Structures are given as C-alpha cells and as structure tokens.
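Q: based on what follows, work out the 3D shape:
(one chain, ligands or ions: 2)
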Amino acid sequence: MKLKFKKAFIFDLDGVIVDTAKFHFLAWKNLAESLDISFSEEENEQLKGVSRVKSLEKILKWGNKTISEEKFNSLMAMKNEEYLSFVDAMSTDDILPGVLETLTYLKENDYPIALGSASKNARRILTKVKLNSYFEYIVDGNEVSKAKPDPEVFLKGCELLGVEPKQSIVFEDSQAGIKAANNAQMTSVGIGDELVLSEADFNFKSFSEISEDVLQTLINFKK
Ligand SMILES: O=P(O)(O)OC[C@H]1O[C@@H](O)[C@H](O)[C@@H](O)[C@@H]1O
Ligand SMILES: [Mg+2]
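A: Ligands and ions are numbered 1, 2, ... in the order given. Okay, here's the model as predicted:
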C-alpha cells in the first residue's frame, strides 16, 4: 500500500543502471572517425543524456560537415546497429554495482519508481538485464519530444507516478540530466564524476555508496 506523502524515485538508464554509456561512446567514436571527425571522452560527455538525432547533429557540427538526409538516416541506423550488437550481449551481470540493492530496498518499502531515459532502446535493455518489474512506469525516448536538459521526460514520470516534481528524486549520470532535474525543482543525484556533475544536489561515484541511511537523507532533503 502506498503512503500519501512519500518521495518518488526516477532513474535514468544509460550510465546509471547499466554501463551502456561505454557502448554509446564506442559506437559514436567509430561513426565520427569514419567521417574523419575526432571524438574524445570530452565530446562524449556532451552527448550523454542527449537523443540519437541530436547526438549526430552535434557530431556533424563539431566536424563542420553537411550531409544529405538519406546519409543522416543511414548513419543513425548504422550507429544503432553497432550499439545494439553490444546491448544484445548484455546480461544481469551488466547491472552496475549497488543498483539492484537500491531498487530492491525502494520496492520493498513501497516507494514509487519510474524510468526516465532519452533512449529508444530502454525497454529492450531493461528486458536484457531483467529489471522491468521494478519500474511502475517507463518513460523513454519514444515518448518525449524535448531532450534533456528540458525536464519533459522526468515531468512525465512524475505525472504517471502521481507525485509533484518536488517530491521526486532523480538519479542521473549526465550534465543534461542533472540540469533537467534541477530545472523542474526535483532533487538531483549525480552518479559518476563529481566534477562533471557539480550542479547536482548530491554526488556519488556509484550506487555502492548509496546505503539505506543515504537513501533516508535523500528522502528527507528539501530543496
Ligand atoms: O540511441 P538510443 O538508445 O535511443 O539512446 C539515445 C540516448 O540515450 C541516452 O540515455 C544516452 O545517454 C545517450 O548517449 C543516447 O544517445
Ligand atoms: Mg545516462
């Protein structure tokens, strides 16, 4: 049974629940290099949380390239095909450390949980790692029109969970995602490099640092 004024949790997927961020990086790097555009970790950071279309637009802009719509679509398909070849080899072993423990604790204590991801492959990935049942709602790249840092994806999650943005706690590994949560007055929790995610309300290297006590601190935090 749900208590009335509890907090709710919204999880990003790539780089938060599973380490697919490295697969996106590899596939974008191969694509960029095939176009003679250099692509490092630094550029990659700016693509985290950003949709597939917007990512390719950015890469082409960095390389000062203009291509036809047909070529654009074929590059998008190529990138996704390579990315999915990595995804399809995934298993429950690819769940990042501490994630399962956090999800289990939240579920057992009746906290509402949603997924808020820019990825159009989110459902496929959750199925691969067998985590579907933890999420009451999944909001993914197929359901949103505005990319992070616009908070649309998280606001949709709140609406479905029946909570106010201020009652929501968002876990994110991207600068765009932290900005999106902050833009909506949600509690933002950065997972990853504290220097990169310095705008977050809280920072952790990984879910291994998120104990039950930490979760209580997040729950009690008022923005
Ligand atoms: O190409 P997909 O799976 O629809 O993902 C879109 C975006 O999803 C985000 O979660 C990733 O951080 C981005 O790197 C990715 O480009
Ligand atoms: Mg992410």
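Q: give me the contact list for the longest helix seen in the chain.
A: Ranked by residue count, the top helix of the chain under DSSP state H comes out as helix 69-87. By Cβ atoms under 8 Å, 6 or more residues apart in numbering, the list of residues contacting helix 69-87 from outside reads 20, 23-24, 26-28, 30-31, 35, 52-53, 56, 60, 67, 121, 124-125, 128. For the C-beta atoms, the positions are set from N, CA and C on the backbone; glycine is no exception.
Q: try 7 Å this time
A: Here helix 69-87 makes contact (Cβ atoms under 7 Å, 6 or more residues apart in numbering) with 20, 23-24, 27-28, 30-31, 52-53, 56, 121, 124-125, 128.
Q: using CSV, write out every CA atom in that helix.
A: Output of helix 69-87 as CSV, limited to C-alpha atoms (Å, rounded to 0.1, in the frame of the first residue of the first chain):
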residue,chain,number,x,y,z
GLU,A,69,19.0,13.4,-45.1
GLU,A,70,19.5,10.0,-46.6
LYS,A,71,23.1,9.8,-45.4
PHE,A,72,22.0,11.1,-42.0
ASN,A,73,19.4,8.4,-41.6
SER,A,74,21.8,5.7,-42.7
LEU,A,75,24.4,6.8,-40.2
MET,A,76,21.8,6.8,-37.4
ALA,A,77,20.8,3.2,-38.4
MET,A,78,24.5,2.2,-38.5
LYS,A,79,25.2,3.6,-35.1
ASN,A,80,22.2,1.9,-33.6
GLU,A,81,23.0,-1.4,-35.2
GLU,A,82,26.5,-1.4,-33.7
TYR,A,83,25.2,-0.2,-30.3
LEU,A,84,22.6,-3.0,-30.3
SER,A,85,25.2,-5.6,-31.1
PHE,A,86,26.8,-4.7,-27.7
VAL,A,87,23.4,-4.5,-26.0
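Q: pLDDT of that helix, averaged?
A: The average pLDDT within helix 69-87 is 98.
Q: among the contacts of helix 69-87, which are in helices?
A: Short answer: the contacts of helix 69-87 in helices (DSSP H) are 23, 24, 27, 28, 30, 31, 52, 53, 56, 124, 125, 128.
Q: put the buried members of these into a ChimeraX selection.
A: The buried residues among the ones in helices among the contacts of helix 69-87 can be selected in ChimeraX (16 or more other Cβ atoms under 10 Å) with this line:
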select :23,24,27,28,31,52,56,125,128
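Q: now the helices: where do they sit in this structure?
A: Taking DSSP H, the helices of the chain run over residues 21-34, 41-45, 52-62, 69-87, 99-108, 122-128, 152-161, 175-183, 212-220.
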